[in-house]
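Visitor: here is a sequence together with a model predicted from it:
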There are 2 protein chains.
Amino acid sequence: MAAGSIDILGIGNAIVDVVATADDDFLVREKLNKGGMTLIDEPRAQQLYGSMGAGTVISGGSAANTIVGVASFGLSSAFIGKVKADETGAAFTHDIRAMKVRFETPHAKDGPSTARCLVLVTPDGERTMNTYLGACQNLTPADVDENLVRSAGITYLEGYLWDPPEAKKAFVKAAEVAHAAGNKVALTLSDAFCVDRYRAEFLDLIRSRTVDIIFANQHELRSLYETADFDTAVSALREEGILAAVTRSELGSLVVSREQTYAVPAYPIEKLVDTTGAGDLYAAGFLSGLARGASLEDCARLGALAASEIIQHYGARPVVRLSDLASQNGLSY
Amino acid sequence: MAAGSIDILGIGNAIVDVVATADDDFLVREKLNKGGMTLIDEPRAQQLYGSMGAGTVISGGSAANTIVGVASFGLSSAFIGKVKADETGAAFTHDIRAMKVRFETPHAKDGPSTARCLVLVTPDGERTMNTYLGACQNLTPADVDENLVRSAGITYLEGYLWDPPEAKKAFVKAAEVAHAAGNKVALTLSDAFCVDRYRAEFLDLIRSRTVDIIFANQHELRSLYETADFDTAVSALREEGILAAVTRSELGSLVVSREQTYAVPAYPIEKLVDTTGAGDLYAAGFLSGLARGASLEDCARLGALAASEIIQHYGARPVVRLSDLASQNGLSY
């Protein structure tokens, strides 16, 4: 009906990041999974927060970062995710609305506090994430505004939604409503450990065509097909016959469909500061191009450009207007 | 008695900064005092927060920033200031303790929330601060731990303490206890508008020798002596006969005493990002040198070095260890 009145809707865990620098010894001492995302409970979150350095607090959440990126590219966007009515939830809400993203999911009045991700950034720019899901566990199918999903050209979902049990149901409902309205559904595999937790279900989402578009990095893709060989994983992905974008850090990205594979290089950067949000912002650029009917290669270029911006500063939200950055780099969409 | 068991104690408003970029049009539209610090009440804080962009939350507070800088130079330090027992207060407490600063001031259980400063950074790197004092208004003389003051070689106080009425009394008590123990007392004039509010009182603090050391920037100094001419202001300052450090942005700083005036250049920088904390960190370097018995010129060099670090990133807390930075630049103290 009103398809396209919003370009892209994201549904994901609504999280605020607490970013601190740390050395590798700290990761070893705290037994942290370098480069990965580990779920932690509240006591562990308190203990780890107590032992880590001074933190910079920046709104985060994987799909939320992507949607803010989409808004920064100048597209219309909305987000569904659950925060609590606490100070951290208010900050998340302010920050996403300040980017003109529609965000109306009711705040939880009680229960666990707004989710926090303790992000430790090592001197090599790698980020190690430790997430206390908190209020995200209260995202339910009732939070999925069907009219909003119907109005969105693309609904973008994060694999992390498989972690809170009720959110998984919200995910499936959103995909059904989107498809019934003739819209597209995209999924990011989120994290290699996340793929490890839900491999069979993620493959089923792809093969049942619950999702139309897949985002993955090389580690996630290899985990999905349980192979150490990247090319083998790409071949398996090609056989699925859906559109996929696979990111490979400084090696750029591949756009994979049954018919064709495009390799697009990464944008050069001056200095790698913090890789947090690289995949999220790649998805933002790619989806923005897709929603505007750009070529798949330009979609990948827009993704690479947004990723190059985000890894040159702390935090996973852009500090410049991505639409300006795109035009400075001669990319139209 | 135990003088010197802590190198430097800071007393100031305990504030968390919410940093956002803004263009000059926004400042005009919101009638903000560019480059200055304006006190705002809670409704105005909510309105301004609602209209500003996405914020990065970083612990701040002028004297608190200085004390964190002192700790980063490797000296022992403590801080007295008032937060509420809320999420923002917990973040402030975590961040200052993570730097190994002793911070034991009891948190307010009720009353106004932890203070927030809405910092708007314009493309020229200038910061415009809007402070809701909140819980800082509950800092009283009872919060001044006399043993702590006695144990500190230098007690450093911010002029901003003159804003919350009870805090002023805490300031005077701390200065008396410090002097009775044979320790030094330093004051930063904080802000030209602050000097304007309390000129007579600040001059009295100097002339009554309630303070021994003064930090000021050129605007504050001109405001103190109500002159547009910098040299006239410096002459007036010299006549006071106390030790003073006057910062002049890219023109470096002057160390002024009755006997001598030293001019020390600023350190070169690659890119000016955000001037927030420049004065605070200059004081950190200067005081660290002074506490360790460095020459006055080296004190000013240490201050300039710390200021150069802080203005090249967002926020007023150092992102590298200042003791490392000092040794890389051949400065010993």
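Guide: Received it, and whenever you're ready, just let me know what you need. Owing to the predicted nature of the structure, the values given are computational and were not obtained by experimental measurement.

Visitor: not counting its neighbours along the chain, what's nearest A:Ala78?
Guide: A:Arg102 (3.9 Å; CB to CB, 6 or more residues apart in numbering or on different chains). C-beta coordinates here come from the backbone N, C-alpha and C atoms, glycine included.

Visitor: separation between the one you found and chain B?
Guide: 15 Å (CB to the nearest CB, to the nearest Å).

Visitor: mind checking pLDDT for that residue?
Guide: The model reports A:Arg102 with a pLDDT of 98.

Visitor: next one: A:Ala307
Guide: 98.

Visitor: just A:Met1 next, same as before
Guide: Note on A:Met1: pLDDT of 38.

Visitor: ok, A:Gly4 next?
Guide: Here the pLDDT value assigned to A:Gly4 is 48.

Visitor: I figured A:Leu254 hits A:Ala263, correct?
Guide: Yes - taking contacts as CB atoms under 8 Å, A:Leu254 lies within contact range of A:Ala263: 5.5 Å.

Visitor: the two: who's more crowded?
Guide: The neighbour comparison of A:Leu254 against A:Ala263 (other CB atoms under 10 Å in any protein chain shown) goes to A:Leu254, with 22 against 14.

Visitor: got the residues of the stretch 51-200 of chain A near chain B?
Guide: A:52-59, A:68, A:86-88, A:91, A:94-96, A:98-99 (CB under 8 Å from any CB of the partner chain).

Visitor: contact partners for A:Ala45?
Guide: A:116, A:118, A:130, A:132 (CB atoms under 8 Å, 6 or more residues apart in numbering or on different chains).

Visitor: give me the number of residues near A:Arg317?
Guide: The burial count for A:Arg317: 24, using other CB under 10 Å.

Visitor: that one against A:Ile67, yeah?
Guide: No - A:Arg317 lies out of contact with A:Ile67 (CB under 8 Å); the separation is 10.4 Å.

Visitor: against A:Asn183, how distant is A:Glu146?
Guide: Distance from A:Glu146 to A:Asn183, counting by CB to CB, to the nearest Å: 12 Å.

Visitor: comparing those two, which shows the higher neighbour count?
Guide: Looking at A:Glu146 and A:Asn183 with other CB under 10 Å, you find the greater number of neighbours at A:Asn183, namely 21 against 15.

Visitor: my guess is the more buried one contacts A:Leu148. True?
Guide: No - judged on CB under 8 Å, A:Asn183 makes no contact with A:Leu148 at a distance of 11.2 Å.

Visitor: contacting residues for the residue in the stretch 101-250 of chain A positioned nearest to chain B?
Guide: Per CB to the nearest CB, A:Ser113 is where the stretch 101-250 of chain A lies closest to chain B, at 8.2 Å. Shown in contact with A:Ser113 (CB under 8 Å, 6+ apart): A:84, A:86, A:88-89, A:134-135.

Visitor: low-confidence ranges in the stretch 101-250 of chain A?
Guide: Under the criterion pLDDT under 70, no range of the stretch 101-250 of chain A is flagged.

Visitor: if we go to 90?
Guide: For the stretch 101-250 of chain A, the stretches flagged by pLDDT under 90 are A:165.

Visitor: can you show me the strands along it?
Guide: A:102-103, A:115-121, A:127-132, A:152-158, A:184-188, A:213-217, A:243-247 (DSSP state E, counting those that start in this stretch).

Visitor: quick one on the thing from earlier: drop anything exposed from the contacts of A:Ser113.
Guide: Those of the contacts of A:Ser113 that meet the buried threshold are A:84, A:86, A:88-89, A:134-135, by 16 or more other CB atoms under 10 Å in any protein chain shown.

Visitor: so is the helix or strand that A:Ala284 is a member of next to chain B?
Guide: Assigned by DSSP states H and E, A:Ala284 belongs to helix A:278-291. No - Helix A:278-291 does not reach chain B (CB under 8 Å from any CB); its nearest approach is 14.5 Å.

Visitor: then stretch A:14-22?
Guide: Yes - using CB under 8 Å from any CB, stretch A:14-22 reaches chain B at A:20-21.

Visitor: pLDDT value on the residue nearest the centre of chain A, please?
Guide: For chain A, A:Ser62 is the residue whose C-alpha lies nearest the centre (CA atoms, centre = their mean; 3.1 Å). Per-residue pLDDT puts A:Ser62 at 97.
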